[in-house]
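**Q** A predicted structure for the sequence below; I have some questions about it.
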Amino acid sequence: MSSDTSYKKNVNVERRTWDKESFAKRAQERKERGGEEKDESYIQQERVKKLQDAGTIEQHLKVASADSAKPEGSNRAYLKARTSRVSGIDSKVGTSEIVADAPAPSITDGVTKSANGVGWHCRVCDCYLKDSLGYLDHINGKKHQRALGFTMRVEQSTVGGVMSKLEEMRRRKMMGGGKRKKEGGGEREKRELEEAAESMRSEEDKLEEILEEKKREKERKKQEKWKRKQEEKKRKEEEEAKAKEEEEEGGEEQDMMAMMGFKGFS
């Protein structure tokens, strides 16, 4: 066996080193700021809390409540539709704004972040979008919703839930509670709920029909299997009876030949 083991040596591997001065500087900066660096989700929660304390937070910036329904195995609430419009969107449809030619200041200011950027500003994620379409895509997106404690899954509606919602709306209308919504608001919502309820009834009817068809198919197969078993049983009984009859006839012939003195034919 060869004693040359030079092939086992890795000449291109060096011992790892660290920039101790850089890490020491970062540790000192954290200490001066009063603790460990906070992750992005914690910073977002702090921003939302400040907005809530200010009392001017809009619906698309509100966090999910602790008692909200959640998917099984998840700590985030089901995604819910907004019941109010996003301020500043409708009023600026078809318009454009001129941004000064001066360079935009940095949005980073130490640990905290300022609202001095250019564009549509999300106060939860502290990011800037170039237009209203991008802003809507952002507040409807996964990153923003996760920061508010929502998952992107929607709770499945039931017929009972839709009917109770319709009943609640009818009761409010009869009691005259609340101001009349703008044209296309309450009526549209009611119509959509009725259509959803009708669609769910139709889907349930289809499901019941499919289940009934499967049940009938299962029963039909069961009957066919029983019928085949009965036919097989009858066929076996007939074969056994025929074999027994032939055996009896053969025995009678043997007895007759013995009585007549015949031994048989060779």
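**A** Done, it's in.
**Q** what about the stretch 51-200 of the chain, any weak spots by pLDDT?
**A** Within the stretch 51-200 of the chain, the ranges that satisfy pLDDT under 70 run 51-57, 97-117, 176-186.
**Q** now the strands: where do they sit in it?
**A** 77-79, 108-109, 112-113, 120-122, 127-129, 150-154 (DSSP state E, counting those that start in this stretch).
**Q** now what about the last one, what contacts it?
**A** The one in question is strand 150-154. The contact list for strand 150-154, computed with Cβ atoms under 8 Å, 6 or more residues apart in numbering, reads 64, 70-71, 74, 76-80, 142, 145. In this view, the C-beta of every residue, glycine as well, is placed from N, C-alpha and C.
**Q** same thing but 10 Å
**A** Outside strand 150-154, the residues within contact range by Cβ atoms under 10 Å, 6 or more residues apart in numbering are 63-64, 68, 70-71, 74-81, 140-142, 144-146.
**Q** make JSON lines from the strands of the stretch 51-200 of the chain and add distance to E238 to it.
**A** Compiled in JSON lines, the strands of the stretch 51-200 of the chain are given as follows (distance: least, Cβ to Cβ, whole Å):
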{"stretch": "strand 77-79", "distance to E238": "66"}
{"stretch": "strand 108-109", "distance to E238": "95"}
{"stretch": "strand 112-113", "distance to E238": "92"}
{"stretch": "strand 120-122", "distance to E238": "85"}
{"stretch": "strand 127-129", "distance to E238": "85"}
{"stretch": "strand 150-154", "distance to E238": "64"}
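**Q** nearest to D90, of those?
**A** Closest approach to D90 among the strands of the stretch 51-200 of the chain is made by strand 120-122 (14.1 Å; Cβ to Cβ).
**Q** parallel or antiparallel, list what pairs with that closest one.
**A** Using DSSP bridges, strand 120-122 pairs in its sheet with strand 127-129 (antiparallel).
**Q** E187 and W120, how far apart?
**A** Distance of E187 to W120, computed by Cβ to Cβ, to the nearest Å: 31 Å.
**Q** quick one: E198 and V162 touch, right?
**A** Yes: at 9.4 Å, E198 and V162 qualify as touching, with contact defined as Cβ atoms under 10 Å.
**Q** hey, where'd the helices end up in this structure?
**A** Per DSSP state H, the chain carries helices over the ranges 20-33, 40-54, 132-139, 142-147, 159-175, 186-260.
**Q** wait, which of those is closest to G88?
**A** Nearest to G88 among these is helix 132-139; the distance by Cβ to Cβ comes to 8.0 Å.
**Q** which strands or helices does that closest one pack on?
**A** Packing partners of helix 132-139 (3 or more Cβ pairs under 10 Å, 6 or more residues apart in numbering; DSSP states H and E): strand 120-122, strand 127-129, helix 142-147.
**Q** indicate which one of those is closest to E245.
**A** Closest approach to E245 among these (Cβ to Cβ): helix 142-147, 81.8 Å.
**Q** hang on, the earlier thing: E187 and W120 - which one has more neighbours?
**A** Higher neighbour count among E187 and W120: W120, with 20 against 11, using other Cβ atoms under 10 Å.
**Q** for that one, what are its contacts?
**A** With contact set as Cβ under 10 Å, 6+ apart, W120 has these partners: 88-89, 92, 127-136, 138-139.
**Q** rerun that using 6 Å as the cut-off
**A** 129, 135 (Cβ atoms under 6 Å, 6 or more residues apart in numbering).
**Q** same thing with L148?
**A** L148 touches V63, counting by Cβ under 6 Å, 6+ apart.
**Q** hmm, back to that, the helices of the chain into CSV, with extra columns for distance to S96?
**A** As requested, these are exported to CSV (distance: least, Cβ to Cβ, whole Å):
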stretch, distance to S96
helix 20-33, 41
helix 40-54, 28
helix 132-139, 11
helix 142-147, 24
helix 159-175, 40
helix 186-260, 30
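**Q** what about R146, distance to V124?
**A** Distance, R146 to V124, by Cβ to Cβ: 10 Å.
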